[in-house]
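Q: curious how this folds, go ahead:
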Amino acid sequence: MLRISGLSAGYSEEFVIRDICADISENLFVGIIGRNGSGKSTLIRSVAGLIPMFKGEILYNDISLTGTDRTDILSYVPQETKVLFGFSVYEILRMSQRSYGSFFGKFSQKEKRRLEEVIERFELKEILKRNVLSLSGGERRRVMVARGVAQGSDIILLDEPLSGLDIDNQVKVFQILKEISLEGKIVMASVHDLNMAAQFCDRILLIDKGRLVKFGTIEEVLTYSNIKNTFGIDVYVGVNEINGKRFLIPFR
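A: Okay, the predicted model is just below:
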């Protein structure tokens, strides 16, 4: 269980998010939604321990994460990942493993199996030997999401993982993240596409101007009133007759 309790955080003593609360169990894929600048990235970065937490507490299995090294517990995929050197795709994935860079580290069979599984899941075999700098933006994004998954952490945090992906790969990546959550992981991702969130996420965390509007199921959060009040637009909220999932159509 990941417990976010009264979390307030920001930059240079300036609050960006205030009093965020959520209890997130294993096996859940949580989508974080809100307007641009609402604090989605700040929330993810604060849970990852990358920015100061001004107030509140973050617990994992009843143990506070404050002041702890979280690399063994969670992996973080940022919104933008700069790669300055021409590593191969395989080398980028290999860097996610604990043994990489360790003087006495040995590439274990467990790590090899984990990489092989990720390579197969994300369909990366054909580009493994390619220079990562030669990849398209979408291909590179897929590799970086795969690298985050390959770390094998209990919690996977992703900031706009669908950015730069075509619709086919958006569906594939979210399907993989959904499957991973069902394997006992906690997956949290900021999402701009409300329909992708509705199709794949188990819970939605809606924030506006740095404050929690609602945390709950798709049906509880993705309502006309919540979307209208947060985004300032009218939406038609319906149910897909094929899969029973909720969908939204904006209109003016």
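Q: and the nearest residue to residue 165 once chain neighbours are set aside, how many neighbours?
A: Nearest non-adjacent residue to residue 165, counting by Cβ to Cβ, 6 or more residues apart in numbering: residue 138, 5.0 Å away. Where C-beta positions appear, they are placed from N, C-alpha and C, glycine not excepted. One way to gauge burial is a neighbour count; for residue 138, by other Cβ atoms under 10 Å, it gives 16.
Q: ok now whichever helix or strand residue 138 is part of, how far from the chain's centre?
A: Here residue 138 is covered by helix 137-150, with elements defined by DSSP states H and E. Here helix 137-150 is found 12 Å from its chain centre; the criterion is Cα atoms, centre = their mean, to the nearest Å.
Q: by contact count, what packs against that helix?
A: Taking 3 or more Cβ pairs under 8 Å, 6 or more residues apart in numbering; DSSP states H and E as contact, the helices and strands that helix 137-150 lies on are strand 74-77, helix 89-94, helix 109-121, strand 155-158, helix 167-182.
Q: out of these, nearest to residue 22?
A: Each of those was checked against residue 22 via Cβ to Cβ, and the shortest separation belongs to strand 155-158, namely 12.8 Å.
Q: that closest one packs against which elements?
A: Secondary elements touching strand 155-158 (3+ Cβ pairs under 8 Å, 6+ apart): helix 40-47, strand 74-77, helix 137-150, helix 167-182, strand 186-190.
Q: what sits up against it?
A: Taking contacts as Cβ atoms under 8 Å, 6 or more residues apart in numbering, the residues outside strand 155-158 that touch it are 2, 44, 47-48, 60, 73-77, 145, 148-149, 177, 180, 185-190.
Q: in that strand, which residues are buried?
A: The neighbour-count criterion (16 or more other Cβ atoms under 10 Å) identifies 155, 156, 157, 158 as the buried residues of strand 155-158.
Q: any idea how far residue 78 is from the second one?
A: For residue 156, the distance to residue 78 under the criterion Cβ to Cβ, to the nearest Å works out to 13 Å.
Q: same question, the last one
A: For residue 158, the distance to residue 78 under the criterion Cβ to Cβ works out to 9 Å.
Q: which residues does residue 57 bridge with?
A: When bridges are assigned using DSSP bridges, the partners listed for residue 57 are residue 5.
Q: could I get the pLDDT score of it?
A: According to the per-residue confidence, residue 57 scores 95 in pLDDT.
Q: for it, list the residues it contacts.
A: Residues 3, 5, 6, 7, 64, 66 are the ones in contact with residue 57 under the rule Cβ under 8 Å, 6+ apart.
Q: do the same with residue 61
A: Listed by Cβ under 8 Å, 6+ apart, the contact set of residue 61 reads residue 1.
Q: so what's the backbone phi/psi at it?
A: phi 50, psi 40 (degrees, to the nearest 10).
Q: quick one: it from residue 44, how far?
A: For residue 61 relative to residue 44 (Cβ to Cβ), the value is 20 Å.
Q: contacts only, for residue 2.
A: Residues counted as contacts of residue 2 (Cβ under 8 Å, 6+ apart) are 22, 23, 24, 25, 47, 58, 59, 60, 155, 186.
Q: that concludes my questions; thank you for your assistance.
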